[in-house]
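# Here is a sequence with its predicted model. Questions after.
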Amino acid sequence: MKWMTFGPEIYTLLAALWFLLLSLGARPDAKREHLTSLLLAAVGVMVSVAAIKAEGHLFVNAYRVDFFSQVFKVMLSLGLFLIVCICGNLTDIRERNRHDFYILLFVCTLAMMLLVSGNHLLTIYVSLELSSYSLYVLVALRRDQNFGLEAGIKYFLVGIFASGVMIFGLALLYATTGATTLDDLVKVLPPIINQPAVIIGLLFTVSGFFFKLAVFPFHIWAPDIYQGSMNQVAAYIATASKVAAIAVLARVIASAGEGSTYLVHVLGVLSIISMTVGNLAAIAQQDLKRLLAYSTIAHAGYVLIGILSLNAAGYAGAVYYAMAVLVMKFTVFLVIVEVADDGRNVQIEQLAGLHRRSPILALALMVSLFSLAGIPPTMGFTGKFLLFVAAMGRGYFTLVLIAMINVVVSLYYYLLVIKAAYLLEPKEALPPLNVSPFIKLLSGVLAAVMIAAGLFPYYLIELADAAAKALM
């Protein structure tokens, strides 16, 4: 095979092995470890970009490399790089665990890359489990065991339940179709999609991806895990993990062809409940990470709108929205990490006076929250517009109407956070935040990207369309 076809995965594996070797011999050095990981992650982005046009089937058709998978690998490597950017001050993790932290970050990213290219049912399952177990440990690494260990156990228990449901669904699919790869499912699934055993098997199979995406009813882990994990790990779960989940969910659902009315109805109901539960529960939250967790549940509902459209426009909207989620959610977590430089959880009221303590962070927070709410001209608005247009093209007017009502509801709690940053006064005088020039530059770039992608979305939309066509 051509090595570049498998280039991003090989490179990410080598980067993880490098940190494994460091952990065996070198004494812990926080600055050296961070700079090393930053360099490795940056090169990883370049390797993924260089391999974006690679195509082929590897490992006896168990692994599929196409433009769809390669676009998501670029997003995953970029997500890893962004997370490493905010890991310069890992105060909420023990010194002896820093090597483990970086090893697990790279291994989890590798697993997600394998997941988005998985073509065999067992390849998908094993990749999903590898990424999940890496995240379980990452969550439990938090120094404060009252938070970290409890959150890790909760995450593990919900995860193994979702994994059990998924493996049962895979067994049903194999028993009813005799197919072991997605390429085979595309051929045999559409004519028999309405058979009860087939539709149940498909829904049980995608339940594992619903868990990763925090779709109702597999959403119950999200608030506690976001709150209990260290800020950088919560940022990784909210960004890279969701990107991979969107990719594999779209790939598996696309194997059903035009699908069935049962599949569309189930996905539509889950979309409505996820949006509504996520947005209504977020209103009452005071912990900013719990608010973002419920926001994640709501955004999972928006993504399902594009996927249940079962056409190229809907899948393209989901790809674009994955890009938007990566940038929007990371920007909010960047602000959390900088405000809580001691690793604590941030309450909304603790953002009071942020516009004076760090104007660039306040600006980045405001732009990202407006984008999450879908306010034009931002990247989030364009993403929602693409999803809603795809659904309207299939005649799902009621679903789009409910989604638009939910968008209005979400605007309320996003404005509460912006109000705290710009209008509330802190209870006591607080010094300016000590933000490094690199983080200031990164915050400005992210804010500019969200606005520019909203004003001039053509190139990203073309990229998403090309990825969706490769999927179809």
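Looks like it arrived, so ask away. Numbers count the residues shown, from 1 in each chain.

# so where is the stretch 1-150 of the chain shaky, pLDDT-wise?
The model of the stretch 1-150 of the chain has pLDDT under 70 over residues 1, 3, 26, 28, 144-148.

# now the helices for it?
With DSSP state H, counting those that start in this stretch as the criterion, the stretch 1-150 of the chain has helices at 7-25, 30-50, 67-85, 98-117, 121-140, 148-177.

# Give me the angle between the first one and helix 30-50.
So that's helix 7-25. 160 degrees (axes from the mean of the first three to the mean of the last three CA atoms, to 10 degrees).

# Go through helix 7-25 and flag the buried ones.
Neighbour counts over helix 7-25 (16 or more other CB atoms under 10 Å) mark 7-9, 11-13, 15-16, 18-19, 22-23 as buried. For every residue, glycine as well, the C-beta is placed using N, CA and C.

# follow-up on the earlier one: just put the helices of the stretch 1-150 of the chain in a markdown table and tack on distance to residue 433.
Converted to a markdown table, the helices of the stretch 1-150 of the chain look like this (distance: least, CB to CB, whole Å):
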| stretch | distance to residue 433 |
| --- | --- |
| helix 7-25 | 30 |
| helix 30-50 | 19 |
| helix 67-85 | 16 |
| helix 98-117 | 24 |
| helix 121-140 | 26 |
| helix 148-177 | 25 |
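
# Can you say which of these is nearest to residue 456?
helix 67-85 (18.8 Å; CB to CB).

# Could I get the contacting residues of residue 243?
72, 75-76, 79, 112, 322, 325-326 (CB atoms under 8 Å, 6 or more residues apart in numbering).

# now residue 155
135-136, 139, 221, 225.

# And for residue 52?
Per CB under 8 Å, 6+ apart, neighbours of residue 52: 67, 70-71, 73-74.

# For this protein, which residue occupies the most central location?
Nearest residue to the geometric centre of the chain (CA atoms, centre = their mean): residue 242, 2.0 Å.

# Let's see the pLDDT reported for that residue.
For residue 242, the pLDDT comes out at 90.

# hang on, it packs against residue 325?
Yes - at 5.6 Å, residue 242 counts as touching residue 325 under the criterion of CB atoms under 8 Å.

# which residues are common contacts for those two?
Taking CB under 8 Å, 6+ apart as the contact rule, the neighbours common to residue 242 and residue 325 are residue 299.

# Closest to residue 287 out of the contacts of residue 243?
For these, the nearest to residue 287 is residue 325 (20.4 Å; CB to CB).

# can you tell me the average pLDDT over whichever strand or helix holds the closest one?
Using DSSP states H and E, residue 325 sits in helix 312-339. The average pLDDT within helix 312-339 is 90.

# ok now that helix, how far from the chain's centre?
7 Å (CA atoms, centre = their mean, to the nearest Å).

# Now do the same contact list for residue 272.
Contact analysis of residue 272 by CB under 8 Å, 6+ apart lists 301, 399, 402.

# what about the first one, distance to residue 433?
When distance is defined by CB to CB, to the nearest Å, residue 301 is 34 Å away from residue 433.

# between those two, which one's more packed in?
For residue 301 versus residue 433, neighbours defined as other CB atoms under 10 Å are more numerous around residue 301 (28 against 17).

# what's the closest of the contacts of residue 155 to residue 268?
Of all the contacts of residue 155, residue 221 has the smallest distance to residue 268: 23.3 Å, by CB to CB.

# Determine which two of the buried residues of helix 7-25 are furthest apart.
The most widely separated members of those, counting by CB to CB, are 7 and 23 (25.0 Å).

# these two touch, right, residue 235 and residue 328?
No - assessed by CB under 8 Å, residue 235 is found out of contact with residue 328, at 11.7 Å.

# show me the contacts for the spatially closest residue to residue 108 that is not a sequence neighbour.
Nearest non-adjacent residue to residue 108, counting by CB to CB, 6 or more residues apart in numbering: residue 134, 3.7 Å away. Going by CB under 8 Å, 6+ apart, residue 134 touches 104, 107-108, 111.

# now swap in residue 153 and tell me
By CB under 8 Å, 6+ apart, residue 153 lies in contact with residue 140.
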